[in-house]
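> below are the sequence and a predicted model; questions follow.
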Amino acid sequence: MQELVRLVNEEIDSAAADYREELEVVSDAIAGINSRLERLYDALETGKLGLDDLAPRI
């Protein structure tokens, strides 16, 4: 029984590590997208980019 518990714990630890790695990748992607959005908002707010320039992308 103890061996079974040990094996299950190892499997759970391995799965948790995989999920942490995947979460880190997703978090990095979100941070990159947020950074791009922030630059876009800044360009719009300062008038460097007009809404007409964005119309084809929306």
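Okay, I see it. Predicted model only: the values in this text are computed from it and were never measured.

> in the chain, mark out all the helices, start to finish.
Assigned by DSSP state H, the chain shows helices spanning 2-46, 51-54.

> weakest of these by average pLDDT?
Here the lowest mean pLDDT among the helices of the chain goes to helix 51-54, at a mean of 84.

> so how far is that helix from its chain's centroid?
27 Å (Cα atoms, centre = their mean, to the nearest Å).

> show me what that helix is packed against.
If you count contacts as 3 or more Cβ pairs under 8 Å, 6 or more residues apart in numbering; DSSP states H and E, helix 51-54 packs onto no helix or strand. All C-beta spots, glycine's among them, are computed from the backbone N, C-alpha and C.

> if we can go back for a sec, now the helices of the chain in JSON lines, with mean neighbour count?
Below are these laid out as JSON lines (neighbours: other Cβ atoms under 10 Å):
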{"stretch": "helix 2-46", "mean neighbour count": "10"}
{"stretch": "helix 51-54", "mean neighbour count": "10"}
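
> what about N9, distance to V26?
Separation of N9 from V26 (Cβ to Cβ, to the nearest Å) stands at 26 Å.

> equivalent analysis for Q2, please.
Going from Q2 to V26 by Cβ to Cβ gives 36 Å.

> residue contacts, the residue sitting furthest away from the middle of the chain?
Within the chain, the residue lying farthest from the chain centre (Cα atoms, centre = their mean) is M1, at 39.8 Å. Residues counted as contacts of M1 (Cβ atoms under 8 Å, 6 or more residues apart in numbering): none.

> so for it, what pLDDT did the model give?
Predicted confidence (pLDDT) for M1: 92.

> gap between it and K48?
From M1 over to K48 the distance is 67 Å, taken as Cβ to Cβ.

> same deal with A29?
Where K48 is concerned, A29 sits at a distance of 26 Å (Cβ to Cβ).

> ok, E21 next?
For E21 relative to K48 (Cβ to Cβ), the value is 38 Å.

> one more: D42?
D42 sits 8 Å away from K48, going by Cβ to Cβ.

> got it, and L40?
Distance, L40 to K48, using Cβ to Cβ: 10 Å.

> now for L49, how many residues are close by?
When neighbours are counted by other Cβ atoms under 10 Å, L49 registers 15.
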